[in-house]
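Chemist: Would you be able to build a 3D model of this:
(one chain, ligands or ions: 1)
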Amino acid sequence: VDSPTATDVRSDFPIFEEPLEGGKPLIYLDNGATAQKPRVVIEAMTECLSRYYANVHRSKSRLAMRVTEAVEAAREKVRGFINADDASEIIFTSGTTMSINAVAQAWGPANIEEGDVIVLTEMEHHANLVPWQMLAREVGAELKFLPLTDDWQIDLDRIPEVVTERTKLIAVTGLSNVLGTVNPVADLAKAAHAMDAKILVDGAQWAPHEPVDVRELDLDFYIFSGHKLYGPSGIGVLYAKREILDEMPPFLGGGNMIDRVYLDHFTEAEPPAKFEAGTPPIAEIIGLGAAVDYIRNLGWEFITAHEARLSQVAHAKLSAVPGITIYGPAPEHKAAICSFTIEGAAAEDINFLVDRKGIAVRHGHHCTMPLHDKLGVSATTRASFGIYNTEEEVDALVEALLAARKRLKLD
Ligand code: PMP
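Modeler: The predicted model follows:
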């Protein structure tokens, strides 16, 4: 079988079939914010909603059994996707933000007390920063930060000074949503475990770009969202090792998470039900399963090679735009994410002007205000690439930026 091309992949995504308002083809370079959906995901969700929708785990009707089987099949697909040991370690949540907050609010107070340390990095998304600030404030713990090198990578030489016996958790992003840095998660897991601490990895950006094996990396918690992984929004994953889930208190009370309820108390169900109170996002779970299948069929070999090439090309071609600064490590150390500023141009104006050419990018602090403080700018423009993007689209972005320079009278 011939390996796929970006053009083949593109034809799997209905959004690219119709031009944008104004007749321009869509050039979608905002994959870091959310990714487009392939037909197989849309169809899997539509099929569930139109042919076999019912509530899960509730009834012995054939309809309910079919939908329950489909949901559990999706859980098994996600288990395979990250090579977890057992499907009961896959908890469905509404997304990365909810998964991290759930760990902070349920595992946190049971395991972190006054004087303990939570180690983060200077490149975290607010979703992997604020929940830990809230926990630290609640229990009297301290936050410490692994600093970044001049090349925008985590400074591993600083581990001995930052990660100590007081450390109970290292929480780190697998891939920075601004810098594109791919972090040395295996090293950080070892550093955490050497101190009897746990490691949590925010895979919101990492999951769509590189294969992750939670057992090989020895991750305690691994978290990601469906919507950046070519699946639906409203669904995310919280993976944790089974022994952690057995000990961790539930974070939501209600139906499905119980074994037995009395008027004044309850006993807990086993994981994953213990952490899935209430009716789950049924069609979204099935859509996520289809997205995981889609990625698996495409193959990581294609995805990583295609995106590495795009990253190199984007870096080289964007670097030639006058006045540009691209933030992040050298392209061989990063994923296909380019955050940049152009001297004399506001990030918002660049965003507006390239949008007129049919190119969707994003501007702002990308939910990383402390990182932007460190970069010394309040906002960047970010082009973030995915499986369907092409080198021609990089050229179109460069042309649009050159035209924007003219419009802004920088030339
Ligand atoms: N972490 C990182 C690194 C992200 O890029 C994002 C999404 N921008 C999140 C967490 C939050 O993900 P979600 O909005 O899907 O909860």
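
Chemist: any idea how far the ligand is from residue 303?
Modeler: 18 Å (Cβ to the nearest ligand atom, to the nearest Å). Every residue, glycine included, has its C-beta placed from N, CA and C.

Chemist: Isn't that residue up against residue 295?
Modeler: Yes. Under the criterion of Cβ atoms under 8 Å, residue 303 is in contact with residue 295, at a separation of 7.1 Å.

Chemist: Leaving out sequence neighbours, find the closest residue to the residue nearest the centre of the chain.
Modeler: Nearest to the mean C-alpha position of the chain, by Cα atoms, centre = their mean, lies residue 204 at 0.9 Å. Setting aside the residues directly before and after it, residue 204 is nearest to residue 96 in space (Cβ to Cβ, 6 or more residues apart in numbering), at 4.2 Å.

Chemist: where's the one you found relative to residue 239, distance?
Modeler: Separation of residue 96 from residue 239 (Cβ to Cβ, to the nearest Å): 12 Å.

Chemist: Report the set of residues contacting both of those two.
Modeler: Overlap of the contact sets of residue 96 and residue 239 (by Cβ atoms under 8 Å, 6 or more residues apart in numbering) consists of residue 223.

Chemist: Run a quick neighbour tally on the nearest residue to residue 108 once chain neighbours are set aside.
Modeler: If you skip the residues right next to it in sequence, residue 108 has residue 135 as its closest partner in space, 4.2 Å away by Cβ to Cβ, 6+ apart. For residue 135, the number of neighbouring residues by other Cβ atoms under 10 Å comes to 21.

Chemist: ok, now the one 5 residues further on?
Modeler: Taking other Cβ under 10 Å as the neighbour definition, residue 140 ends up with a count of 11.

Chemist: Now do it against the ligand, distance only.
Modeler: Here the criterion is Cβ to the nearest ligand atom. By it, residue 140 lies 26 Å from the ligand.

Chemist: which parts of the protein sit against the ligand?
Modeler: Near the ligand, the residues belonging to the chain are 95-97, 125, 127-128, 173, 177, 202, 204-205, 225, 367 when assessed by Cβ under 6 Å from any ligand atom.

Chemist: Which helix or which strand is home to residue 396?
Modeler: Per DSSP states H and E: residue 396 is located in helix 391-407.

Chemist: If you count neighbours, what's buried in that helix?
Modeler: Of the residues in helix 391-407, those with enough neighbours to count as buried (16 or more other Cβ atoms under 10 Å) are 393, 394, 396, 397, 398, 400, 401, 404, 405.

Chemist: Contact partners for the fourth one?
Modeler: Yep, that's residue 397 we're talking about. 27, 29, 314, 318, 354, 359, 361, 383.

Chemist: and if we set it to 7 Å?
Modeler: With contacts defined as Cβ atoms under 7 Å, 6 or more residues apart in numbering, the neighbours of residue 397 are 29, 354, 359, 383.

Chemist: Highest neighbour count among those?
Modeler: Ranked by neighbour count under the definition other Cβ under 10 Å, those are headed by residue 383 with 28 neighbours.

Chemist: returning to that earlier point: what pLDDT does the residue nearest to residue 108 get?
Modeler: In the predicted model, residue 135 carries a pLDDT score of 98.

Chemist: Was I right to think it contacts residue 104?
Modeler: Yes. Contact status for residue 135 versus residue 104: in contact at 4.6 Å, counting by Cβ atoms under 7 Å.

Chemist: mind listing the strands for the stretch 251-400 of the chain?
Modeler: Per DSSP state E, counting those that start in this stretch, the stretch 251-400 of the chain carries strands over the ranges 258-261, 266-268, 324-327, 337-342, 359-360, 362-364, 380-384.

Chemist: Export those strands to JSON lines and append columns for mean pLDDT.
Modeler: What follows is the strands of the stretch 251-400 of the chain, written out as JSON lines (pLDDT from 0 to 100):
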{"stretch": "strand 258-261", "mean pLDDT": "96"}
{"stretch": "strand 266-268", "mean pLDDT": "98"}
{"stretch": "strand 324-327", "mean pLDDT": "97"}
{"stretch": "strand 337-342", "mean pLDDT": "97"}
{"stretch": "strand 359-360", "mean pLDDT": "96"}
{"stretch": "strand 362-364", "mean pLDDT": "95"}
{"stretch": "strand 380-384", "mean pLDDT": "98"}
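
Chemist: which strands and helices sit next to the strand or helix carrying residue 92?
Modeler: According to DSSP H and E, residue 92 maps onto strand 90-93. Contacts defined by 3 or more Cβ pairs under 7 Å, 6 or more residues apart in numbering; DSSP states H and E place strand 90-93 against helix 62-82, strand 236-240.

Chemist: Among those, show me which one is buried the most.
Modeler: Stretch with highest mean neighbour count among the helices and strands packed on strand 90-93: strand 236-240 (a mean of 28; mean count of other Cβ atoms under 10 Å).

Chemist: which residues are contacting that strand?
Modeler: Residues external to strand 236-240 that are found in contact with it (Cβ under 7 Å, 6+ apart): 78, 82, 84, 89-96, 98-99, 102, 214, 220-226.

Chemist: Output the below-cut-off pLDDT ranges for the stretch 151-300 of the chain.
Modeler: Residue ranges of the stretch 151-300 of the chain with pLDDT under 70: none are present.

Chemist: What ranges does it have for its helices?
Modeler: Using DSSP state H, counting those that start in this stretch, the helices found in the stretch 151-300 of the chain span residues 159-162, 185-194, 214-217, 242-247, 282-298, 300-319.

Chemist: wait, which of those helices is closest to residue 57?
Modeler: helix 282-298 (10.4 Å; Cβ to Cβ).

Chemist: quick one: buried residues of the closest one?
Modeler: 282-295, 298.
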